[in-house]
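**Student:** I'd like to go over a predicted model; first the sequence, then the structure.
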2 protein chains.
Amino acid sequence: MKKKATLLVKNIGQLVTMTGPFPRIGKKQLNDLGLVEGGGIAVAGNEILAVGESEVVEGKAPLSDSCKVIDAKGAVVTPGLIDPHTHPVFSMTREKEFEMRIAGKSYMEIAQTGGGIRASVRDLRSAPRKQLMEKTKKRLDRMLRYGVTTIEAKSGYGLSTDAELKQLEVIRDLNQTHSIDLVPTFLGAHEIPDEYRNQRNEYIDIIINEMLPAVIKDNLAEFSDIFTEEGVYDIEESRKIQQAARDAGLGLKFHADELKSVGGAELAAEMGAISADHLVYISDAGISALAKSGTVAVLLPGTTFSLSGKQYAPARIMIEEGVTIALSTDCNPGSSFSESLPFMISLAALEMKMTAAEALSAVTVNAACAINRGGKIGQLQPEMPADFVIWDMADYRELPYHYAVNLVTRVIKSGQVVVGD
Amino acid sequence: MKKKATLLVKNIGQLVTMTGPFPRIGKKQLNDLGLVEGGGIAVAGNEILAVGESEVVEGKAPLSDSCKVIDAKGAVVTPGLIDPHTHPVFSMTREKEFEMRIAGKSYMEIAQTGGGIRASVRDLRSAPRKQLMEKTKKRLDRMLRYGVTTIEAKSGYGLSTDAELKQLEVIRDLNQTHSIDLVPTFLGAHEIPDEYRNQRNEYIDIIINEMLPAVIKDNLAEFSDIFTEEGVYDIEESRKIQQAARDAGLGLKFHADELKSVGGAELAAEMGAISADHLVYISDAGISALAKSGTVAVLLPGTTFSLSGKQYAPARIMIEEGVTIALSTDCNPGSSFSESLPFMISLAALEMKMTAAEALSAVTVNAACAINRGGKIGQLQPEMPADFVIWDMADYRELPYHYAVNLVTRVIKSGQVVVGD
């Protein structure tokens, strides 16, 4: 029996389909949005039935009796945005610390007064699960309102087996109940917890021998991430932990070269990681290595911005060298508290000189590749999930230009209108 | 007869009243928010009836039968924000030009291809009034959703008597129909129009002898503004035009020292202007002059941000030297397309090292002074207009920290809930 449309969006001014190769590599591919002027989308249930020029779409799909019809009135439609690097599960916000930073206090001084990531660890360990659920849900609601339909979500504020599992379980439970899809990443190696500061090898043993098996047993993560940085986990420790994670069946991600060039990108490439993230201080060798391995570079300009930094990841050089680029908010309570992926498109333009098309590719088709969903989401094609956004604009180039405001009119997730009417 | 409350907001976690001196000058005053922990507001009609500690407020005000009661559930409440420098009346957006800038094109190259302010002038002149109304209304709607209840709005894309009047009439008409209050500024001296490029004195004559009388006759502006900058209006031209405006009864504003230090701030102080705006390249003498004259420095960090600039106005030095500081979006289609004044609070913190309290003072009590409404709006006191915002946060310091998203829960304008329920 031929499927009938349950939702029809017509009169789309610019339909950004992103059909074509994935990942998008190089300037030419990144700037190819698969743009259809005067388009439509027909949805059947949670899937796309037809997408393309209005006449073609409307001709293809018989409408079900209860079919909802949306007139986009010439607006832009894009795939639902994908945020491939977030730390959304926390209770306590850290605005006081932000103000101390503005007043000129250093990270070390803030840490000495009990701030920084250790504050979030104390918070996460003591926070009731229900409170974590509620607060995280509010963040997901906000992400959704900004056009995001899938995120990667990390643990990493627990730093004990129980607390890491608690965080991953919150992610699992929210994935079941919330419109946003959450892809879980285990980040037990986010820091060395205070109680193991002088016995770091013991903590690494706990990660490998206690946490990883527990995470695997309950199927709580797809990826393992690590903060590879001077003063956190060095290259050898990172290799050891990530090898164990890979052996346990997890894909690999790295917080790499955020504050200094320590070879994090090279290690990510060597180990066949799916992504290397941050990369503000990536070396030339690191860029070549990522290009060669196909590891996605997830760039987080909000973190530089929110730390009043001057240096952003060298996006243009990476694009030139054939590295796959994605963008993310890094949403977290310390260095980048924002749920707005569209704002990262503005920052990508202003601070990293990416075009609107490149940035859009980086938060859709390429962001999908950064969470092992390449060709499955982040593009608008028949049989793919009907995840897309109707924007209050006539030209997609308004996205970076019209900054720091919400230009989303409607969000459609799995064929349902979840934002707007 | 004792007035009865028509609206009661109770259980406010942090009530930012801003009572006290206006303008706020110096670090100490700027950081004094008149903060009440555990507060309430009673409103009668469009005015504040009582404000302060919950018990006091609830004891003071008998409730009308139809009184609406809002439980703020521990949230932050601030005065409605005031945006004292905007160019919101235009039809055409200029996203293509933005992308050319990102690609490295200079302002001159863009102007040569027909871009820049001249593009907006062509657009304004040809745009039907109804279209201008509709598009501007959408921008006002968005400002309101971001917590703004009063704006200053400029002409300046007409540059002919008819077109300047058209723009000011749109502002007048929207002021009558929209929840946001619009305070109109005549900016015929925004540029030299193409047709007078080689006869600039003739255009200046038109401003003085045609435009100003027409604006005054129909009572279309409270202020006269001018772009005092190298290549636009020099100091002598600016003095001449603004003298005529002052003689005609208008208050004075200046676009000063945005791109270069040309003595704009000094001139604004000399002429007793109510505000000098931009001031990225203000001289030491200019800072002293503004401090002495009491002219408000309206800082526009969004413009630097949106032009990928590196230099921001020296806010800390100005605060140190006793200059009155306000903040604004500069909302316009060229150099800063954003309706979000809260985002300017983030930029003020990150790029100008202002505290959350200083920035809040700068968008409320001090912004009121920048539009000659000091002591009338921007503070929460009995008999002042009931313009205030309920925010989705428990600590006002979340405002700069939680960036580029909309944290407004409800906006109350003239005692009516105009955003939220």
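**Tutor:** All right, it came through fine.

**Student:** show me what from chain A comes close to chain B.
**Tutor:** By the rule C-beta under 8 Å from any C-beta of the partner chain, the part of chain A lying against chain B is A:93-96, A:98-99, A:102-104, A:142, A:146, A:302, A:305-306, A:308, A:337-340, A:343, A:349-351, A:353-356, A:395, A:397-398, A:400-406. Glycine gets a C-beta too; all of them are placed from N, C-alpha and C.

**Student:** which ones among the residues you listed map onto strands?
**Tutor:** Using DSSP state E, no member of the residues of chain A next to chain B falls within strands.

**Student:** show the buried residues in the residues you listed.
**Tutor:** Restricting the residues of chain A next to chain B to buried positions leaves A:93-96, A:98-99, A:102, A:142, A:146, A:302, A:305-306, A:337-340, A:343, A:349-351, A:353-356, A:395, A:397-398, A:400-406, with burial counted as 16 or more other C-beta atoms under 10 Å in any protein chain shown.

**Student:** mind listing what A:A269 touches?
**Tutor:** A:276, A:286, A:289-290, A:292-293, A:295 (C-beta atoms under 8 Å, 6 or more residues apart in numbering or on different chains).

**Student:** equivalent analysis for A:V89, please.
**Tutor:** A:124, A:132, A:136, A:153, A:155, A:157, A:167, A:170-171.

**Student:** just those now: which is nearest A:M108?
**Tutor:** A:Y157 (20.0 Å; C-beta to C-beta).

**Student:** neighbours of A:E109, how many?
**Tutor:** A:E109 has 13 neighbours, counted by other C-beta atoms under 10 Å in any protein chain shown.

**Student:** what sits closest to it if chain neighbours are left out?
**Tutor:** A:M100 (7.6 Å; C-beta to C-beta, 6 or more residues apart in numbering or on different chains).

**Student:** please look at the one you found and A:G116 and confirm they touch.
**Tutor:** No - A:M100 is beyond contact range of A:G116, at 10.5 Å (criterion: C-beta atoms under 8 Å).

**Student:** need the overlap of contacts for these two.
**Tutor:** The contact lists of A:M100 and A:G116 share A:I110, where a contact means C-beta under 8 Å, 6+ apart.

**Student:** per-residue pLDDT, the residue of the stretch 151-300 of chain A found nearest chain B?
**Tutor:** Going by C-beta to the nearest C-beta, chain B is nearest to A:L300 of the stretch 151-300 of chain A, at 13.6 Å. You'll see A:L300 listed with a pLDDT of 98.

**Student:** look up how far A:A103 lies from it.
**Tutor:** The spacing between A:L300 and A:A103, counted by C-beta to C-beta, to the nearest Å, is 24 Å.

**Student:** then the helix or strand of chain A with the lowest mean pLDDT to CSV, C-alphas only?
**Tutor:** Within chain A, no helix or strand scores below helix A:107-112, which has a mean of 81 by mean pLDDT, DSSP states H and E. Output of helix A:107-112 as CSV, limited to C-alpha atoms (Å, rounded to 0.1, in the frame of the first residue of the first chain):
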residue,chain,number,x,y,z
TYR,A,107,41.2,29.7,36.5
MET,A,108,43.6,28.7,39.3
GLU,A,109,42.4,31.3,41.7
ILE,A,110,38.8,30.2,41.0
ALA,A,111,39.7,26.6,41.5
GLN,A,112,41.3,27.5,44.9
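
**Student:** can you get me a residue count around the closest residue to A:P21 other than its chain neighbours?
**Tutor:** Distance criterion C-beta to C-beta, 6+ apart; nearest residue to A:P21, sequence neighbours excluded, is A:Q29 at 5.9 Å. A:Q29 has 18 neighbours, counted by other C-beta under 10 Å.

**Student:** quick one, grab the pLDDT at the residue nearest the centre of chain A.
**Tutor:** When C-alpha atoms, centre = their mean is applied to chain A, the residue found nearest the centroid is A:P84 (1.8 Å). A:P84 is assigned 98 on the pLDDT scale.

**Student:** that one sits in which helix or strand?
**Tutor:** A:P84 is part of strand A:81-86, with elements assigned from DSSP states H and E.

**Student:** could you do A:N366 as well?
**Tutor:** Under the criterion of DSSP H and E, A:N366 resides in helix A:365-370.

**Student:** so which of the residues of chain A next to chain B sit within helices?
**Tutor:** The helices, defined by DSSP state H, take in A:95-96, A:98-99, A:102, A:142, A:302, A:305-306, A:343, A:349-351, A:356, A:398, A:400-401 from these.

**Student:** how deep is A:P301 tucked in, by neighbour count?
**Tutor:** Neighbour count of A:P301, defined by other C-beta under 10 Å: 29.

**Student:** quick one on the thing from earlier: and the contacts of the strand holding A:P84?
**Tutor:** Applying C-beta under 8 Å, 6+ apart, the set of residues contacting strand A:81-86 is A:143, A:146-154, A:253, A:275, A:277, A:296, A:298, A:300, A:326, A:328-332, A:341-342, A:363-364, A:367-368, A:370-371, A:373, A:377-378, A:389.

**Student:** in its sheet, what does that strand sit against?
**Tutor:** Under the criterion DSSP bridges, strand A:81-86 sits next to strand A:148-154 (parallel) in its sheet.

**Student:** mind listing what the closest residue to A:I287 other than its chain neighbours touches?
**Tutor:** Distances taken as C-beta to C-beta, 6+ apart place A:E321 nearest to A:I287, at 5.0 Å, with adjacent residues excluded. Contact analysis of A:E321 by C-beta under 8 Å, 6+ apart lists A:287-288, A:291.

**Student:** scan those residues and report the most crowded one.
**Tutor:** In those, the most neighbours by other C-beta under 10 Å go to A:I287, 22 neighbours.
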